[in-house]
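Pasting the sequence and the predicted coordinates here, then a few questions.
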Amino acid sequence: MEAESRLGRLQQQIRQLELPEAPPTSRELGYRGVLEPRAADHPVNTLDLLEPHSIDSVYLVPTSLKAGGGPDLLPRRLSLETAMDATFTQPHGIARDAALEDQTAGISPVHFRCGASGRYLRLTVHEARRFAGSEQFAIAEIVVISAGEPVSFNCPVTASHGLEV
């Protein structure tokens with residue numbers, strides 16, 4: 001009896017250590033990540049626009065949960081920057097540690113005004129959404145507008161701490 005009880009407690013501890021399964025989403029493409037509690041740095045997406053552009057606006061398109069809609073999976077807090085070089089030696093801040101809690105209703109894209117030039121756009125996630133004991137986030141698409149036209153379609157994205165799907 002005591003051995004069974006101990007085995008039950010050990011199995012419970014193992015289940016608590018397992019990574020939770022991410023909820024299914026309505027979009028097949030995009031970027032999905034988990035914030036690691038012990039990670040020294042935050043997840044980063046860097047979008048290469050292939051050439052410098054005068055950036056008017058940036059839109060983050062959320063990925064919503066499949067079952068019954070539910071909340072979107074955009075990060076709660078993030079930063080957006082643009083720069084001419086991939087190392088971001090002289091970044092221009094579009095949004096610094098922006099809280100999206102009140103802006104993300106349903107599946108509407110979140111709009112950021114820019115007014116700067118750059119070839120690279122960097123999105124850094126500071127805080128995600130809580131699901132099954134972990135912080136998870138997902139972004140269906142990042143849309144960059146220059147002179148009234150989208151310039152980010154089919155541009156390469158590099159990502160850290162996450163899964164590009």
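Thanks, I have the structure now. Numbers count the residues shown, from 1 in each chain.

Tell me which stretches of this structure form strands.
Assigned by DSSP state E, the chain shows strands spanning 31-35, 44-62, 77-83, 92-99, 110-127, 129-131, 134-146, 149-150, 157-159, 162-164.

what would the ones you listed look like in CSV with mean pLDDT, mean neighbour count and distance to residue 4?
C-beta: built from backbone N, CA, C; applies to glycine. Output for these, formatted as CSV (pLDDT from 0 to 100; neighbours: other Cβ atoms under 10 Å; distance: least, Cβ to Cβ, whole Å):
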stretch, mean pLDDT, mean neighbour count, distance to residue 4
strand 31-35, 64, 21, 34
strand 44-62, 90, 18, 46
strand 77-83, 90, 21, 45
strand 92-99, 80, 15, 48
strand 110-127, 89, 18, 41
strand 129-131, 72, 15, 32
strand 134-146, 83, 20, 30
strand 149-150, 92, 12, 61
strand 157-159, 81, 16, 45
strand 162-164, 50, 14, 38
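
right, and those - which one's nearest residue 2?
Closest to residue 2 of the strands of the chain, according to Cβ to Cβ: strand 134-146, at 33.0 Å.

tilt between the closest one and strand 44-62?
80 degrees (axes from the mean of the first three to the mean of the last three Cα atoms, to 10 degrees).

what angle separates strand 134-146 from strand 110-127?
Going by the same axes, to 10 degrees, strand 134-146 is angled at 150 degrees with respect to strand 110-127.

Alpha carbons only: can I get strand 134-146 in CSV?
Provided in CSV are the C-alpha atoms of strand 134-146 (Å, rounded to 0.1, in the frame of the first residue of the first chain):
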residue,chain,number,x,y,z
SER,A,134,3.3,27.5,-19.3
GLU,A,135,3.4,30.9,-21.2
GLN,A,136,2.6,30.4,-24.9
PHE,A,137,2.1,32.7,-27.8
ALA,A,138,1.4,32.5,-31.5
ILE,A,139,1.4,35.1,-34.3
ALA,A,140,-0.2,34.2,-37.7
GLU,A,141,1.5,36.9,-39.6
ILE,A,142,3.5,40.1,-39.4
VAL,A,143,2.5,42.6,-42.1
VAL,A,144,4.7,45.7,-42.9
ILE,A,145,3.2,48.5,-44.9
SER,A,146,5.3,51.0,-46.9
